[in-house]
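S.K.: Quick one: sequence plus predicted model below, questions after.
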Amino acid sequence: MALILASGSPRRSALLEELGLELVVRPTNIDETPLPNEQPAEHVERLAREKGAACMAGADDVVISADTIVTIDGQLLGKPTDDAHAATMLRQLSGRTHEVMTGVAVRSDGETTSFVERTVVHFAELTDEDIAWYVSTGEPDDKAGAYAMQGRGGAFVTAIEGSYDNVIGLPRYRLREVLSELL
């Protein structure tokens, strides 16, 4: 039996390896376009399930897949397409509260268990200089909501309500509960 992470995210790999788990990293590539009228929680859970389903694995393997999004005012903020888009996202988050959702799916013995973890994040008021500096670091490039809480972007977070790991991209506590039931 192998434990397979269907994600190329170095953050997710590191979070699992910190638990002492030996992983096979096998990223999948799916269309992440939201479906018409799809709610953010439905969207992120669907993506997690589809990523897991797209991962090639043996019958005895356990596949973990996940997707993380940021929402504000009901709007889904994915990964920025360029620096201007990242700056726009950061302006939206500035001085406000938003929600981070991670959909997680675990496939074992032909069955898939999935869930969505939610964390509320409070952001500091950002100046234009703050935004320009942060965008220039390149850190927002592949991050949902254009920031990394575990990196320089963490300096903009004033408080969270919920799982810190969830904001990074994988709620380990909740995942550990699911894995303990399955394994």
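M.R.: Arrived safely.

S.K.: all strands of the protein, in order?
M.R.: Listed in chain order, the strands of the chain (DSSP state E) span 3-5, 24-25, 62-72, 75-77, 97-108, 111-123, 157-161.

S.K.: buried sites along the lengthiest helix in the chain?
M.R.: Secondary structure of the chain per DSSP state H: the longest helix is helix 40-54. Residues of helix 40-54 classed as buried: Pro40, Ala41, His43, Val44, Glu45, Arg46, Leu47, Ala48, Arg49, Glu50, Lys51, Gly52 (neighbour count, 16 or more other CB atoms under 10 Å). From N, CA and C alone the C-beta is placed, and that goes for glycine too.

S.K.: Report pLDDT for the second one.
M.R.: In other words, Ala41. Per-residue confidence (pLDDT) for Ala41: 96.

S.K.: what mean pLDDT does stretch 118-130 have?
M.R.: On average, stretch 118-130 scores 98.

S.K.: residues touching the most centrally placed residue in the chain, list them.
M.R.: Residue closest to the average C-alpha location in the chain (CA atoms, centre = their mean): Thr68, at 2.4 Å. With contacts defined as CB atoms under 8 Å, 6 or more residues apart in numbering, the neighbours of Thr68 are Val44, Val100, Met101, Thr102, Gly103, Ala144, Asn166, Gly169.
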